[in-house]
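Enquirer: Give me a 3D structure for the following:
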Amino acid sequence: MMSSKLSLHSLIVFYWVASQESITSAAEKLCLTQPTITYHIRSLEKNIGIRLLDIRRQKVYLTRAGKGLLKYVSEIYHHMVSAEKYLESLKESSLRVGVSATFSSTVVKAAVEFEKLYPNVKLIIRNSSSFEIADDVFNSQVDLGFVVGVDYGKRQLKNIELSSREKLVLVTSPSSSLSQKENVRLMDLCGYPMILGPETSATRRILLSRLRLGGCHMPAPIIVEVNSQDWGMNLIKSGQGMSVFHVRDVEKDITEGRLKVLTLKHDIWVGATALLRENSPEHPMADNLISLVKEAFVNHN
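Expert: Numbers count the residues shown, from 1 in each chain. As a prediction, the model looks like this:
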């Protein structure tokens, strides 16, 4: 491929000088110094070997070649502006969001409000585990992630705190033997069948860590790994085991007697965090959704 004698940046500088008929005005429009403007014009003329402008008493006059070039450069500039608007419209027309299953109900409420406020923006939501979402944000597979607030081991991720104290509860079927205990020790859970998310689930890691700290060092008997909270909840209601949920996801089932919360000596609290990728263009609508999700957490507490 042949290299061009024309620098795109110099052509844009020429466009503004020629259309404004002033180096001073072009410098103001482009936020450049006048000597820099002059340098680009002279470099362009030197590269093509043709004089494009005559400058007399700070007034700019186009040569015949300059007038002819301006027609082409005007088209180039306006095509660039159109291309930029096109790319911006693509970014604004869809927002890719990863949502941890732990906080899905909270984010859904915010998403409903977001769609009312911004009907032209399409939300593409992926429900997954927190560590998978962190990877997706890091690899630019999603624009934004809502996850449990833990260390994901990636310095390139920017963390925005949504809530510092969200309660996780252990639940089981009201017919289970554990549900009959008024106070449950972590050791009581040793060997009890569990229905948990995949290994990339932050809540699973938090629960198993708490069990080990409580003295339970035997392998956790995880009878089912689920990616869907609904599947897990249905299995628990049928008496298949125990699991951990964000308290607001099970409030109705607890009130109506379909699930029983196991009362621990020390409650389990986690933070809620929004993840963005550092040093990459931020989606123009990301802040709007983050604000709505943060508000949803505040209104529930």
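Enquirer: In this protein, spot the helix with the most residues.
Expert: helix 64-93 (DSSP state H).
Enquirer: Following element in sequence after that helix, please.
Expert: strand 94-100 (DSSP states H and E).
Enquirer: ok, that following strand: who's next to it in the sheet?
Expert: According to DSSP bridges, strand 94-100 forms sheet pairs with strand 122-128 (parallel), strand 144-148 (parallel).
Enquirer: What residues of that strand count as buried?
Expert: 95, 96, 97, 98, 99, 100 (16 or more other CB atoms under 10 Å). (Glycine included, C-beta is placed from N, CA and C.)
Enquirer: same thing with stretch 139-154?
Expert: In stretch 139-154, counting by 16+ other CB under 10 Å, buried: 142, 143, 144, 145, 146, 147, 148, 149, 150, 152.
Enquirer: same check, this time on stretch 40-52
Expert: 40, 41, 44, 45, 52.
Enquirer: any low-confidence regions in the stretch 1-150 of the chain?
Expert: 1-4, 89-92 (pLDDT under 70).
Enquirer: helices or strands up against the helix or strand containing residue 231?
Expert: Assigned by DSSP H and E, residue 231 falls within helix 229-237. Counting contacts by 3 or more CB pairs under 8 Å, 6 or more residues apart in numbering; DSSP states H and E, helix 229-237 packs against strand 194-196, strand 242-246, helix 247-255.
Enquirer: tell me what the longest one is packed against?
Expert: The contact analysis (3+ CB pairs under 8 Å, 6+ apart) places helix 247-255 against helix 104-117, strand 157-172, helix 229-237, strand 260-261.
Enquirer: what helix or strand is the residue nearest to residue 30 when sequence neighbours are not counted on?
Expert: The shortest distance from residue 30 to any non-neighbouring residue, by CB to CB, 6 or more residues apart in numbering, is to residue 16 (5.9 Å). Assigned by DSSP H and E, residue 16 belongs to helix 8-20.
Enquirer: Next: residue 205.
Expert: helix 202-213.
Enquirer: Can you point out the buried residues in the helix or strand that comes right after that helix?
Expert: Under the assignment DSSP H and E, the closest C-terminal helix or strand after helix 202-213 is strand 222-225. Under the neighbour-count criterion of 16+ other CB under 10 Å, strand 222-225 has residue 222 buried.
Enquirer: going forward, begin numbering at 21 instead of 1
Expert: Yep, numbering from 21; the last one is strand 242-245 now.
Enquirer: Name the strands paired with strand 242-245 and say parallel or antiparallel.
Expert: strand 214-216 (parallel).
Enquirer: can you list the residues that contact the partner strand?
Expert: 223-224, 227, 240-246, 252, 255-256, 260-264 (CB atoms under 8 Å, 6 or more residues apart in numbering).
Enquirer: Sounds good, over and out.
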